[in-house]
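>>> coordinates for the following, if possible.
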Amino acid sequence: MTKEKRNYKDYFITPFIGGIFALTIICFLIKIDSFSTGLIIVLVGSLVLSILIGSLLILTNEYIRPRIQNHFLNHKSIKSLEKLGLNFNETMKCHFGTYRNYDVQILCHFDKTNLIETEYVINIFFDKIDS
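The predicted model follows:
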């Protein structure tokens with residue numbers, strides 16, 4: 001599956017389906033009598049909602065999130081890892097190295113849909129790996 005199709009599916013389909021359900025419930029609560037008017041409101045509203053939310057998610061994940069991730073990876077508390085022998089690996093965007101005969105990898109991970117929280121993932125490999 002190409003990247004564009006994944007973006008379409010991940011960013012636009014879910015808000016469209018959610019908009020259909022939400023606007024259908026709103027149309028029933030408002031008690032719109034005409035079926036065609038309600039259908040137009042639900043479909044057009046869901047399409048606009050999907051385009052708006054999907055565009056914001058793409059903007060955040062493609063432009064804002066990498067800047068935030070660079071900030072967390074270059075934070076002064078993470079810089080002390082270099083003293084332990086964990087160097088920054090640019091291709092994997094993580095700190096990687098050997099500490100006390102174990103291979104250690106420290107990642108800064110963002111969830112795709114959560115725009116605020118970040119987590120640091122620490123992987124300790126008990127068997128040697130080829131990097």
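
>>> okay, and for this structure, where does confidence drop off?
When the per-residue scores of the chain are filtered using pLDDT under 70, the ranges that remain are 1-8, 110-116, 128-131.

>>> change it to 50
Residue ranges of the chain with pLDDT under 50: 1.

>>> quick one: contacts of the top helix by length along it?
Using DSSP state H to define each element, the chain has its longest helix at helix 35-59. Judged by C-beta atoms under 8 Å, 6 or more residues apart in numbering, the contacts made with helix 35-59 from elsewhere in the structure are 7, 10-13, 15-20, 23-24, 27, 32, 113. The C-beta positions use only the backbone N, C-alpha and C, and glycine is treated the same way.

>>> which of those are buried?
Buried by 16 or more other C-beta atoms under 10 Å: 11, 12, 15, 16, 19, 20, 23, 24, 27, 32, out of the contacts of helix 35-59.

>>> and which of these is nearest residue 117?
Checking those against residue 117 with C-beta to C-beta, the nearest one is residue 11 at 19.1 Å.

>>> tell me how far the closest one lies from residue 44.
Residue 11 sits at a distance of 19 Å from residue 44 (criterion: C-beta to C-beta, to the nearest Å).

>>> show me the contacts of helix 35-59 that map onto helices.
When DSSP H defines the helices, the subset of the contacts of helix 35-59 inside them is 7, 15, 16, 17, 18, 19, 20, 23, 24, 27.

>>> save those residues as a markdown table, and put in distance to residue 65 too.
Below are the ones in helices among the contacts of helix 35-59 laid out as a markdown table (distance: C-beta to C-beta, whole Å):
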| residue | distance to residue 65 |
| --- | --- |
| 7 | 14 |
| 15 | 18 |
| 16 | 22 |
| 17 | 24 |
| 18 | 22 |
| 19 | 24 |
| 20 | 28 |
| 23 | 29 |
| 24 | 32 |
| 27 | 35 |
